[in-house]
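K.L.:
using only what follows, build the 3D model:
(2 chains)
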Amino acid sequence: MVQINRKLCVGCATCIPYCPVEAFKKEAEERKVYVDEEVCTNCYVCIRNNVCPVGAIEESNLDNFMKQFQHVISDPTVTSEGTGVPGRGTEEAKTNDVTGRYGRGEFGICIDMGRPGIGCRLRDAEKVAMAVAQAGVVLEGPETTPLATLMTDIKTGKLVDEALDTNVLSVIIEGKCPKEKLPDVLMALRRVEKEIETTFCLGIVSRAEQEEASFFFETLEKLGIPKPFRGKVNVGLGRPLIP
Amino acid sequence: MTHSLHRFGSIESQRNDFVWFIYQSKGINDADFEEKARRAIAIAEKCGSENWGDIKIGCKLKCPANEIATNLSRQSRIRGVFTKREQVVEFLKEMKEADLGLSVIISGLLDEVLPSCEEAALTPHTINYSLGVWGKKDLLPEEDVLAITSMCGHHMIAANLVRKKMEEVKKGRKSAEKAAEELAVLCPCGIFNQVRAARILQEAAVKA
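P.N.:
Have a look, this model is predicted:
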């Protein structure tokens, strides 16, 4: 976690409102600020933006794999080693016109655990990953999405035990399913959303074709899920530049 | 990453809020990316992009635009915001004409973005649809705060800081525009829409 140099801290509390997860707290007696290590996600908002007027906030000692993972996944300026992509390490639909990750007759599932701005324990990410995997989602591997590096079995979504208590600002569960499995996946999410201690934002990726859109909207209507009004549209200008 | 997809606040306040992206795909079409990105940035600037940046360097409200453009690398991620639909249409037309071979993505209200593609004579390839927030929604902040924090999809802007800025605007200590820019610099991607944020801050100050 981020540390406060107690010799430098003057207790002005300027830093407190900057933390997205409210990890800065003030001591009752000495009136200095401390970092709640159970809450801090090592996102480094405070460090990158020099929010302390006397420079008392110091970088963490990222001396084990889980701390490094927490930092990489919570600080979007850091590039994920596994995927080579900064900003939490994934490209999903943004390059689908070039990569063809999501084809006709299938739907991509992007579950942003801990968003918007709540944060999450990886225990909850595991619950959701396992629920959608059981419902028919084929989860993305470590070459395309960082969470997969913690999975003991990509088919089930189970994470390594030592990861479960780690707190991150957000982490993405990514995968895809054949269209006939989409209703099961959405119903599984309806069930598991009641079992977690955080929030997630859900994105469903589809090829921009009438047949896929009709199926998607009919499925939502049958399940009583409101029709989406926001979308991220890949306008189809990308192409592979292979000679 | 879906950090531009899930924005909140009233539909009307989202109507003038579009995020644009230029994406290379590692090992496939990232050769000469830096030069192509500079051309894309020039087009976005010409079309009136209010904010843009590279996640590794910062947004143009924090770093001079020429400094960002000079220091681009093959790993850079270029994105920004438009505040008018006409800017989006013009941008798409010019990017089509430039034919850089990079993926171009626009996030926003579907009833604004899809007609914009049509006007630019583009056929969308893929859509990531937002199905909103699930789970413990009682943990979410109040709507006007969430409308602002969610404009940095990586959540580098804390709800408590937005509340502090709202208070400062309400008490007349600073303008809504100044407060919005102070929030915008915390979003390294450059997708924070400071024009929309200033409007929300101003409305909150009037309401209070």
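
K.L.:
what is the spatially most central residue of chain A paired to in the beta sheet?
P.N.:
With distances taken as Cα atoms, centre = their mean, residue A:171 lies nearest the centre of chain A, 1.8 Å away. Taking DSSP bridges as the rule, residue A:171 bridges to residue A:113.

K.L.:
residue A:62 contacts residue A:69, correct?
P.N.:
No. Counting by Cβ atoms under 8 Å, no contact exists between residue A:62 and residue A:69, whose distance comes to 9.3 Å. Using the backbone N, CA and C atoms, a C-beta is placed for each residue, glycine as well.

K.L.:
is there contact, residue-wise, from whichever strand or helix holds residue A:222 to chain B?
P.N.:
When elements are assigned from DSSP states H and E, residue A:222 belongs to helix A:210-223. Yes. Counting by Cβ under 8 Å from any Cβ of the partner chain, chain B has neighbours in helix A:210-223: A:216, A:220.

K.L.:
distance of the residue nearest to the centre of chain A from residue B:95?
P.N.:
32 Å (Cβ to Cβ, to the nearest Å).

K.L.:
please apply the same query to residue B:120.
P.N.:
For residue B:120, the distance to residue B:95 equals 8 Å [Cβ to Cβ].

K.L.:
more neighbours: which of residue A:62 and residue A:69?
P.N.:
More neighbours surround residue A:69 than the other of residue A:62 and residue A:69, with 22 against 15 (other Cβ atoms under 10 Å in any protein chain shown).

K.L.:
who's in contact with residue 56?
P.N.:
All of this refers to chain A. Residue A:56 makes contacts with A:4, A:5, A:6, A:8, A:9, A:10, A:33, as judged by Cβ atoms under 8 Å, 6 or more residues apart in numbering or on different chains.

K.L.:
meant chain B actually
P.N.:
Contacts of residue B:56 by Cβ under 8 Å, 6+ apart are A:77, A:86, B:73, B:75, B:76, B:77, B:188.

K.L.:
phi, psi for it please.
P.N.:
phi -80, psi -20 (degrees, to the nearest 10).

K.L.:
where do the strands of chain A begin and end?
P.N.:
Taking DSSP state E to define them, one finds strands in chain A at A:3-4, A:24-26, A:33-35, A:57-58, A:106-113, A:120-121, A:138-139, A:151-153, A:158-159, A:167-168, A:171-178, A:199-207, A:230-234.

K.L.:
got a markdown table for these, with mean pLDDT too?
P.N.:
Conversion of the strands of chain A to a markdown table gives the following (pLDDT from 0 to 100):
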| stretch | mean pLDDT |
| --- | --- |
| strand A:3-4 | 94 |
| strand A:24-26 | 94 |
| strand A:33-35 | 95 |
| strand A:57-58 | 96 |
| strand A:106-113 | 96 |
| strand A:120-121 | 96 |
| strand A:138-139 | 96 |
| strand A:151-153 | 95 |
| strand A:158-159 | 97 |
| strand A:167-168 | 94 |
| strand A:171-178 | 95 |
| strand A:199-207 | 96 |
| strand A:230-234 | 96 |
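
K.L.:
export these to CSV and tack on distance to residue B:172?
P.N.:
Shown next, in CSV, are the strands of chain A (distance: least, Cβ to Cβ, whole Å):
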stretch, distance to residue B:172
strand A:3-4, 33
strand A:24-26, 27
strand A:33-35, 29
strand A:57-58, 30
strand A:106-113, 37
strand A:120-121, 38
strand A:138-139, 52
strand A:151-153, 53
strand A:158-159, 50
strand A:167-168, 38
strand A:171-178, 41
strand A:199-207, 35
strand A:230-234, 34
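
K.L.:
to residue A:94, which of the ones you listed lies closest?
P.N.:
The closest of the strands of chain A to residue A:94 is strand A:230-234. By Cβ to Cβ, the value is 6.3 Å.

K.L.:
distance from the closest one to the middle of the chain?
P.N.:
Computed by Cα atoms, centre = their mean, to the nearest Å, the separation of strand A:230-234 from the middle of its chain amounts to 18 Å.

K.L.:
which pLDDT value belongs to residue 90?
P.N.:
In the absence of a named chain, this looks at chain A. Residue A:90 is assigned a predicted lDDT (pLDDT) of 64.

K.L.:
chain B was what I was after
P.N.:
What the model reports as pLDDT for residue B:90 is 98.

K.L.:
mind telling me what element the nearest residue to residue B:174 once chain neighbours are set aside is part of?
P.N.:
Excluding the flanking residues, the one nearest residue B:174 by Cβ to Cβ, 6 or more residues apart in numbering or on different chains is residue B:168, at 5.1 Å. Residue B:168 is part of helix B:159-170, with elements assigned from DSSP H and E.

K.L.:
that helix - what's its average pLDDT?
P.N.:
Mean predicted confidence for helix B:159-170 is 97.

K.L.:
which parts of it are buried?
P.N.:
Buried residues in helix B:159-170, counted by 16 or more other Cβ atoms under 10 Å in any protein chain shown: B:159, B:160, B:161, B:162, B:163, B:164, B:165, B:166, B:168, B:169, B:170.

K.L.:
what's the answer for stretch B:79-87, then?
P.N.:
Across stretch B:79-87, burial judged by 16+ other Cβ under 10 Å covers B:79, B:80, B:81, B:82, B:83, B:84, B:85, B:87.

K.L.:
got the contact list for it?
P.N.:
B:4, B:16-22, B:44, B:47-53, B:60, B:88, B:91, B:112, B:116, B:189-193, B:195-196.

K.L.:
ends of it, how far apart?
P.N.:
Stretch B:79-87 has an end-to-end distance of 14 Å (Cα to Cα, to the nearest Å).

K.L.:
repeat that for stretch B:74-84.
P.N.:
One end of stretch B:74-84 sits 30 Å from the other (Cα to Cα).

K.L.:
mind checking the pLDDT average for it?
P.N.:
Stretch B:74-84 comes out at a mean pLDDT of 92.

K.L.:
from the chain's centre, how far out does it sit?
P.N.:
Stretch B:74-84 sits 7 Å away from the centroid of its parent chain (Cα atoms, centre = their mean).

K.L.:
equivalent analysis for stretch A:128-145, please.
P.N.:
Centroid separation for stretch A:128-145 versus its chain: 13 Å, with Cα atoms, centre = their mean.

K.L.:
export it as CSV, just CAs?
P.N.:
What follows is stretch A:128-145, C-alpha atoms only, in CSV (Å, rounded to 0.1, in the frame of the first residue of the first chain):
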residue,chain,number,x,y,z
VAL,A,128,-19.0,-13.7,-10.8
ALA,A,129,-16.4,-15.4,-13.1
MET,A,130,-17.4,-18.8,-11.8
ALA,A,131,-21.1,-18.0,-12.3
VAL,A,132,-20.8,-16.9,-15.9
ALA,A,133,-18.3,-19.7,-16.7
GLN,A,134,-20.8,-22.3,-15.4
ALA,A,135,-23.5,-20.6,-17.5
GLY,A,136,-21.6,-21.1,-20.7
VAL,A,137,-19.0,-18.2,-21.0
VAL,A,138,-15.6,-19.2,-22.3
LEU,A,139,-13.3,-16.9,-20.3
GLU,A,140,-10.5,-15.0,-22.0
GLY,A,141,-6.9,-16.2,-21.3
PRO,A,142,-4.0,-14.4,-19.8
GLU,A,143,-2.7,-13.2,-23.1
THR,A,144,-5.8,-10.9,-23.5
THR,A,145,-7.0,-10.2,-20.0
